[in-house]
Each structure stands twice: as structure tokens, then as C-alpha cells.
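Chemist: got a predicted structure plus its sequence, pasted below:
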Amino acid sequence: MLLFYIDESGTGLEDKQTPFFALAAVAIPADQWQSVDSRTTTLKRRLVSWAKPEDFEIKGRDLRRGEKLFKNLDWHTRLTAINDVAQLIADAPCRVFAVQVDKRDLLVGA
């Protein structure tokens, strides 16, 4: 059995500021989720030591821009964190699926 974590990026159909919407899923074998969760929790504790790991998500946008939880980190530290997240995903027993939709191609209200 596989467990999936699904998340979206982008905004709704009515938002004309950004034309794209993305949906991604990570599939993890059910018997391996605890190991992946443990590694993810360890990374979150290291990146944001003052917050409970279960109370936040690591957002790539925030890391890249130095916003919210990462606003006091310099670029080099944030870049290292981005690499650490990528390495965690590369090492995890998972598959990543993603789709990007150009909202301009959708028929709204049809």
C-alpha cells in the first residue's frame, strides 16, 4: 500500500495574476512512512529549532525569499536548507508526481 501527501501551488481560476496552477503528490510505501516522517521531523527541528515540527510546513517559496519562518536566515543558510530538503526527498523511498495547468486554457463556467 502507498500513502500520498498531496499539495497544490498557485491560486484559483479567477486570479489573473498567475496563470499557472500546480498539483504535486509524494507516494511513500506505508511500511516506510515512519522513517520518512522521522527524517523530516529531524530536518524541521534543525531548520526552525524554536518551533514544533508538527506546527509548520517547509515552504520552498519562504525559503527562497527569506520570508516567514526563514526571514532571519541569510541566503547561504537558506540555500543549504533548500539543498537539504532536496537531499531528503532524493534519499527517501518515494515517488514524486506533479502536474501543471495553464489556467488560461480552462473553460470557466462552461
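Modeler: Cool, the structure landed. Numbering: from 1, shown residues only.
Chemist: okay, CA-based contacts and neighbour counts for the rest of this
Modeler: Noted.
Chemist: this structure: strands as residue ranges?
Modeler: Here the chain has its strands, by DSSP state E, at 2-10, 20-29, 95-102.
Chemist: next up, the contacts around R65.
Modeler: Counting by CA atoms under 8 Å, 6 or more residues apart in numbering, R65 makes contact with K71.
Chemist: right, so the strands of the chain: which one is the most enclosed?
Modeler: The highest mean neighbour count among the strands of the chain, using mean count of other CA atoms under 10 Å, belongs to strand 20-29: a mean of 16.
Chemist: ok, that strand: who's next to it in the sheet?
Modeler: Partners of strand 20-29 in the sheet, by DSSP bridges, are strand 2-10 (antiparallel), strand 95-102 (antiparallel).
Chemist: present these as CSV; the columns should include distance to V26 and mean pLDDT.
Modeler: Formatted as CSV, these follow (distance: least, CA to CA, whole Å; pLDDT from 0 to 100):
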stretch, distance to V26, mean pLDDT
strand 2-10, 5, 90
strand 95-102, 5, 93
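Chemist: which one of the ones you listed lies closest to V48?
Modeler: Closest approach to V48 among the strands paired with strand 20-29 (CA to CA): strand 2-10, 21.2 Å.
Chemist: and the closest one, how far out from the chain's middle?
Modeler: With CA atoms, centre = their mean, to the nearest Å as the basis, strand 2-10 stands 9 Å off its chain's centre.
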